[in-house]
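Trainee: Got a predicted structure plus its sequence, pasted below:
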Amino acid sequence: MNHWLVKSEPFKYSWDHLVAEGEGMWDGVRNYAARNNLMAMKVGDPVLFYHSNEGKEVVGLAKVSKEHYPDPTTDEPGWVVVNVVPIEKFPNTVTLAQIKKDELLKQMDLVRLSRLSVVPVKREEFDHIVALAHDKK
């Protein structure tokens, strides 16, 4: 099982949008590295949902519900989407500032490859973010 982080600008597609839909299609990816990450996702893989630009924080946990298939939003061949379903809105968000300061997290692909909208997350990074999201402040 792999672990992932997907980024979306909340005004385009927020956690609340995903919850309202019940299952969302992760579309619009036009970066080859991010596309390759989508193609590596498997049903059941856990996914951290990150609000980019506005908020800059991990807000919830989702999982892959359908593996990659052609992106219906483009006629260009080779682009794919996956479907995700919401699992849990975190009681505490985990901000990019927190991640950058944390010794275990500051080398995450989220930080190193900040332009990618879909990145893998190491198991220990994933578990640490989930723990921070559940930590009573």
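Mentor: That came through, no problem.
Trainee: Which strand in the protein has the most residues?
Mentor: strand 80-95 (DSSP state E).
Trainee: CA atoms only for the longest helix along the chain, dumped as CSV, please.
Mentor: With secondary structure taken from DSSP state H, the chain has its longest helix at helix 123-134. C-alpha atoms of helix 123-134 as CSV (Å, rounded to 0.1, in the frame of the first residue of the first chain):
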residue,chain,number,x,y,z
ARG,A,123,4.6,5.8,5.7
GLU,A,124,6.3,7.5,8.7
GLU,A,125,5.5,11.0,7.3
PHE,A,126,1.9,10.0,6.7
ASP,A,127,1.5,8.5,10.2
HIS,A,128,3.1,11.6,11.8
ILE,A,129,0.8,14.0,10.0
VAL,A,130,-2.3,11.9,11.0
ALA,A,131,-1.0,12.0,14.6
LEU,A,132,-0.5,15.8,14.5
ALA,A,133,-4.0,16.2,13.1
HIS,A,134,-5.4,14.3,16.1
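Trainee: who's in contact with the closest residue to residue 91 other than its chain neighbours?
Mentor: If you skip the residues right next to it in sequence, residue 91 has residue 134 as its closest partner in space, 6.2 Å away by C-beta to C-beta, 6 or more residues apart in numbering. In this view, the C-beta of every residue, glycine as well, is placed from N, C-alpha and C. Contacts were defined as C-beta atoms under 8 Å, 6 or more residues apart in numbering; by that measure residue 134 touches 90-92.
Trainee: Check the offset of the longest helix of the chain from the chain's centre.
Mentor: When distances are taken as C-alpha atoms, centre = their mean, to the nearest Å, helix 123-134 is centred 14 Å away from the chain's centroid.
Trainee: Strands of the chain, start to end?
Mentor: Counting by DSSP E, one finds strands in the chain at the ranges 3-8, 24-26, 46-51, 57-70, 80-95, 118-121.
Trainee: any chance of the ones you listed in JSON lines, plus mean neighbour count?
Mentor: As requested, the strands of the chain are arranged in JSON lines below (neighbours: other C-beta atoms under 10 Å):
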{"stretch": "strand 3-8", "mean neighbour count": "22"}
{"stretch": "strand 24-26", "mean neighbour count": "22"}
{"stretch": "strand 46-51", "mean neighbour count": "24"}
{"stretch": "strand 57-70", "mean neighbour count": "19"}
{"stretch": "strand 80-95", "mean neighbour count": "18"}
{"stretch": "strand 118-121", "mean neighbour count": "21"}
